[in-house]
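> Sequence and computational prediction follow.
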Amino acid sequence: MARPDSVLVISQLFNPDFGGLSTRAYGLALLFRSLGCRVTVLTTMPHYPDGYPREDSCPRGDGLDLVRLKLRLLPYRGFLNRVINFSYFPLACCRELFNSHGDYDLAVSVGFNPFSAIPLMFNGFKYVVDLSDLWPDTIAMEVRNPPLRLVLQLVGRRVNQYVFERSTGFILLNPNMHELLRRFYRLSEVKWTWIVNPADEGLFRPAKSREELRERLGIDQDSFVVLYHGVFGMLQGLPLVVRAFGKAFSSIRGRKQPVLYLIGHGEELGKVLRAVSELPPRVRERVKVLPRMPREVVANYVRAADLGLVPISASDALIYIVTPAKSIEYLASGVPILAPRGSFIG
């Protein structure tokens, strides 16, 4: 396929919202722009995780033509709210695309599910599906009722099949997803490419002076900094991370005392804070839970860290297809990572 002159990227979340979907869409949009394409992004106002649009937090366009829909969505908490949000957004996009009459050489649906591709399909665009997750199997983990979980998987895969068969191709986050596509959907000829989550190397780069950076951030120079940044969601299992840190703290020997930094927001925040409150006082003071912050500031914390956490709480069948954006940002910053066995690191 010839290089497109104009590209439409459609994503429910986009910079500056926190999380893998926002980072993925932003990175792909910048990648197409760097190839000389005129890039339009159809997305929402920043609203994660409470669903309220925040007009005052929209950053510059970075050379992108941003079309932001002002939608009032439900809080990203629980299975039902997510399904409603991911269904409502494509309906709003159908209306926007029908009214705008835009002409694009290629459209890219970015997301954890194929719903974003539906308005592209109905408006006659040639589109590719970017898969950074395998919906509905990952979200099905939140459904405790086995029959309901089975129905969700069957219906979700039927929708996937319909969208996938009509797509021009796929952009995969992880090459392992190619095998799952063939196994679950029996696609005889899959046109695909592999694009890992890009890191903004202008922000995420090794620190010239970690001591100076820590002094600026108020981090103890004699601490061993363990860092997590991103969404506080079910897939991350952060309450378990906090409890594991508490158990490991007393057995760690060395001059540098460990300190755990958790930066972000999400539906599991309350459980994370509860897990922290249950720690012994001397351990509790070594856990810092910080709110979401601009990526420029997050990058400084990453560059000041000694170890980056990439927790993934998923089934063995799915864990190895997920490559979180934070893992690439840690590596770009020269920070070693700790991730579950069997995940993207092998």
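All right, it came through fine. Numbers count the residues shown, from 1 in each chain.
> what's the domain layout of the protein?
What automatic domain parsing lists as the domains of the chain is 6-194, 210-338.
> Just give the closest residue to Val125, not the sequence neighbours.
Careful, residue 125 is Phe and not Val. Ala107 (4.1 Å; C-beta to C-beta, 6 or more residues apart in numbering). Just so you know, the C-beta spots here come from the backbone N, C-alpha and C atoms, and that holds for glycine as well.
> hang on, the one you found in a strand?
Yes - counting by DSSP: H, G, I helix; E, B strand; the rest coil, Ala107 is found in a strand.
> who's in contact with Gln12?
By C-beta atoms under 8 Å, 6 or more residues apart in numbering, the contact list for Gln12 reads Leu21, Thr43, Thr44, Asn85, Phe86, Phe89, Gly111, Ser116.
> Show the pLDDT at it.
Looking at Gln12, its pLDDT reads 90.
> And it, how far from Lys247?
In this view, Gln12 and Lys247 are 37 Å apart by C-beta to C-beta, to the nearest Å.
> part of a helix, is Leu154?
Yes - counting by three-state DSSP, one finds Leu154 located in a helix.
> What is the burial count for Leu73?
Residues lying near Leu73 (other C-beta atoms under 10 Å) number 23.
> related to what we said a few turns ago, which residues does the residue nearest to Phe125 contact?
Shown in contact with Ala107 (C-beta under 8 Å, 6+ apart): Val7, Leu8, Val9, Ile10, Leu120, Phe125, Lys126, Tyr127, Val128.
> Run through the bridge partners of it.
Leu8, Tyr127 (DSSP bridges).
> Can you read off the pLDDT for it?
So, for Ala107, pLDDT stands at 89.
> same thing with the one 3 residues further on?
Looking at Val110, its pLDDT stands at 87.
> Got the phi and psi for Leu172?
phi -110, psi 140 (degrees, to the nearest 10).
> I'd say it and Trp192 touch.
Yes - the pair Leu172 / Trp192 is scored as a contact, 5.4 Å apart, by C-beta atoms under 8 Å.
> More neighbours: which of these two?
Leu172 (23 against 16).
> Let me see the contact set for that one.
Contacts of Leu172 (C-beta under 8 Å, 6+ apart): Leu131, His178, Trp192, Thr193, Trp194, Ile195.
> Please type out the ChimeraX selection for whichever of those residues turn out to be buried.
Buried residues within those, by 16 or more other C-beta atoms under 10 Å, are selected in ChimeraX with:
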select :131,178,192
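> Greatest separation within the contacts of Leu172: which pair is it?
Farthest pair in the contacts of Leu172 (C-beta to C-beta) is His178 and Ile195. Separation: 12.9 Å.
> The domains of the chain: which one's closest to Glu201?
Closest to Glu201 of the domains of the chain, according to C-beta to C-beta: domain 210-338, at 5.7 Å.
> At which residues are the strands of the stretch 151-300 of the chain located?
Applying DSSP state E, counting those that start in this stretch to the stretch 151-300 of the chain gives strands spanning 169-172, 192-194, 223-231, 257-265, 287-290.
> strands paired with the first one, and their directions?
So the one you mean is strand 169-172. With DSSP bridges as the test, strand 169-172 is paired with strand 127-131 (parallel), strand 192-194 (parallel).
> could you dump the domains of the chain to TSV with distance to Gly202?
Converted to TSV, the domains of the chain look like this (distance: least, C-beta to C-beta, whole Å):
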stretch	distance to Gly202
domain 6-194	11
domain 210-338	9
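> hey, least reliable of those domains by pLDDT?
Checking each of the domains of the chain, the one with the poorest mean pLDDT is domain 6-194, at a mean of 82.
> what distance separates that one from the centre of its chain?
Its chain's average C-alpha position is 11 Å from that of domain 6-194, according to C-alpha atoms, centre = their mean, to the nearest Å.
> who touches Arg205 in this structure?
Arg205 neighbours (C-beta under 8 Å, 6+ apart): Arg303, Ala332, Ser333, Gly334.
> Does the second one touch Glu201 like I think?
Yes - at 5.7 Å, Ala332 counts as touching Glu201 under the criterion of C-beta under 8 Å.
> More neighbours: the two, which one.
Ala332 (19 against 10).
> coming back round to it: now the strands of the stretch 151-300 of the chain in JSON lines, please, with extra columns for distance to Asp65.
What follows is these, written out as JSON lines (distance: least, C-beta to C-beta, whole Å):
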{"stretch": "strand 169-172", "distance to Asp65": "20"}
{"stretch": "strand 192-194", "distance to Asp65": "24"}
{"stretch": "strand 223-231", "distance to Asp65": "27"}
{"stretch": "strand 257-265", "distance to Asp65": "28"}
{"stretch": "strand 287-290", "distance to Asp65": "33"}
